[in-house]
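Student: Need a 3D model of the following:
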Amino acid sequence: MSDIKQLVAGFRQFHEDYFRGEQGLYAALSQGQNPSTLVIACSDSRVDPAIVMNAKPGDLFVVRNVANLVPPYEKGGGYHGVSAALEFGVCSLNVENIIVMGHKHCGGIKVLTEGMPEGIDGEFIKPWVSIAKPAMERVKQLANKQDKTAFLCDCEREAIKVSLENLRKKKTEKKPSFALLAILRRTRPILSFSIELRTRVRSSFSALRA
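Tutor: The predicted model follows:
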């Protein structure tokens, strides 16, 4: 765990060890960004898309939220942070790929399957993770006396599929991008991730204009 002093020291070290050595890269990025790929990832502190994919600054346009979910297309009230990011990435940055990056031991999916920990209301978390409820229902239909860990893992996988389905349903003014499905699994006792499945699908996105 890092405290504030460690983070400040890390920022200074970044300037000394990395920023100064990549002046050309950052000079180019100061003129604008041109990422080829948009990543929808979980907010989980253990799963950083740039580190997992060994990406440099400017490579990825990243959207992170609890349980790496894409909500269904909808108009009207509310604040649509994920949809706004998709609109910007596809319609303004012209990204070519979208990756939905899931991971094992996801706290958001655990809330979906087991409920909130005692003493926490979950006013915002519960309705958000309910986006993945169809995933849980599918797993329940297919499950054959699974243990809790296997059930949770299958729900994590199916939740990625739900997000891809919601991406496909978004209308578009720009014709299709591709979506990449990345399912990450733990391969050692410590957290270690690898891309397990890659599916290329034609997807469409919307300018989300009222």
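Student: How confident was the prediction at Asn144?
Tutor: Looking at Asn144, its pLDDT is 68.
Student: Phi first, then psi, for Val39.
Tutor: Dihedral pair for Val39: phi -120, psi 130, per degrees, to the nearest 10.
Student: What residues does it make contact with?
Tutor: Each residue near Val39 by C-beta atoms under 8 Å, 6 or more residues apart in numbering is listed here: Pro49, Met53, Leu60, Phe61, Val62, Val63, Ile98, Ile99, Met101. Yep, even glycine has a C-beta here, placed from its N, CA and C like the rest.
Student: Please list all residues in contact with the third one.
Tutor: Put plainly, it is Leu60. Pro35, Thr37, Leu38, Val39, Pro49, Ala50, Met53.
Student: can you rerun that using 6 Å?
Tutor: By C-beta atoms under 6 Å, 6 or more residues apart in numbering, the contact set of Leu60 is Pro35, Thr37, Val39, Pro49.
Student: thinking again about what came up before, any chance of the contacts of Val39 in CSV, with pLDDT, distance to Arg157 and secondary structure too?
Tutor: Shown next, in CSV, are the contacts of Val39 (pLDDT from 0 to 100; distance: C-beta to C-beta, whole Å; DSSP: H, G, I helix; E, B strand; the rest coil):
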residue, pLDDT, distance to Arg157, secondary structure
Pro49, 93, 18, helix
Met53, 91, 19, coil
Leu60, 96, 22, strand
Phe61, 96, 24, strand
Val62, 96, 21, strand
Val63, 96, 20, strand
Ile98, 89, 18, strand
Ile99, 89, 15, strand
Met101, 91, 12, strand
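Student: Redo the residues you listed as JSON lines? Include distance to Lys169.
Tutor: Converted to JSON lines, these look like this (distance: C-beta to C-beta, whole Å):
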{"residue": "Pro49", "distance to Lys169": "24"}
{"residue": "Met53", "distance to Lys169": "26"}
{"residue": "Leu60", "distance to Lys169": "24"}
{"residue": "Phe61", "distance to Lys169": "21"}
{"residue": "Val62", "distance to Lys169": "22"}
{"residue": "Val63", "distance to Lys169": "17"}
{"residue": "Ile98", "distance to Lys169": "14"}
{"residue": "Ile99", "distance to Lys169": "18"}
{"residue": "Met101", "distance to Lys169": "20"}
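Student: In those, find the pair that's most separated.
Tutor: Taking C-beta to C-beta, the two most distant members of the contacts of Val39 are Met53 and Val63; they sit 14.6 Å apart.
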